[in-house]
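**Q** Model the following, please.
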Amino acid sequence: MSLIPDSHRDLIESAGVGTLSTVGADGTPQVTALWYLLDGDVVRTSLITTRQKYKNALAHPKATLFILDPTNSYRALEIRAECTFEDDPDLEFFSRIVRHYGQEPETFPAEKDGRVILTLTRTRVVATG
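**A** Residues are numbered from 1 along each chain as shown. Purely as a prediction, here's the structure:
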């Protein structure tokens with residue numbers, strides 16, 4: 001497992017927006033902007049099972065999370081990863097990630113039914129800039 005270099009840890013630890021790339025059934029890449037949370041050695045996010053990114057990652061459990069430094073467009077972090085899922089029936093993780101971004105889960109305007117946790121276990125890390 002590749003390590004995230006100290007020079008780029010701020011990008012994965014901050015409450016930024018990343019893009020998650022998955023591969024669709026026809027082989028076409030699908031990219032979605034989303035929130036993420038570093039959780040120990042893995043990166044996690046909260047997904048709804050009706051969304052295409054969930055269906056793609058379930059069928060082909062590999063994805064890439066790309067984070068561009070909002071203050072320096074030449075600095076970025078790419079995390080290639082294996083995907084695993086677990087249910088979030090009590091919305092415990094959903095609440096953690098929403099709070100990490102300074103919001104309140106009770107009033108946050110997002111679907112809550114069918115939430116799962118997508119865990120990204122790093123296989124390669126590319127840090128640029």
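**Q** pLDDT at the most far-flung residue of the chain relative to its centre, what is it?
**A** Ranked by distance from the centre of the chain (Cα atoms, centre = their mean), the top residue is Asp26, with 22.4 Å. You'll see Asp26 listed with a pLDDT of 94.
**Q** Kindly state the beta-bridge partners for Val43.
**A** Beta bridges link Val43 to Leu38, Leu120, judged by DSSP bridges.
**Q** how far away is it from Ile12?
**A** Distance of Val43 to Ile12, given as Cβ to Cβ, to the nearest Å: 7 Å. C-beta coordinates here come from the backbone N, C-alpha and C atoms, glycine included.
**Q** Next one, pLDDT for Ser2 please.
**A** pLDDT, Ser2: 73.
**Q** tell me the secondary structure for it?
**A** Under DSSP: H, G, I helix; E, B strand; the rest coil, Ser2 falls in the coil class.
**Q** Hmm, it is touching Arg122, no?
**A** Yes: in terms of Cβ atoms under 8 Å, Ser2 counts as a neighbour of Arg122; the distance is 5.6 Å.
**Q** For the two, indicate the residue with more neighbours.
**A** Arg122 (17 against 13; other Cβ atoms under 10 Å).
**Q** Verify the stated contact: the more buried one with Cys83.
**A** No: checked against Cβ under 8 Å, the pair Arg122 and Cys83 is beyond contact range at 11.4 Å.
**Q** any residues in contact with both of Val43 and Ile12?
**A** When Cβ atoms under 8 Å, 6 or more residues apart in numbering defines a contact, the residues bordering Val43 and Ile12 alike are 36, 79.
**Q** neighbour-wise, which of the two wins?
**A** The neighbour comparison of Val43 against Ile12 (other Cβ under 10 Å) goes to Val43, with 23 against 18.
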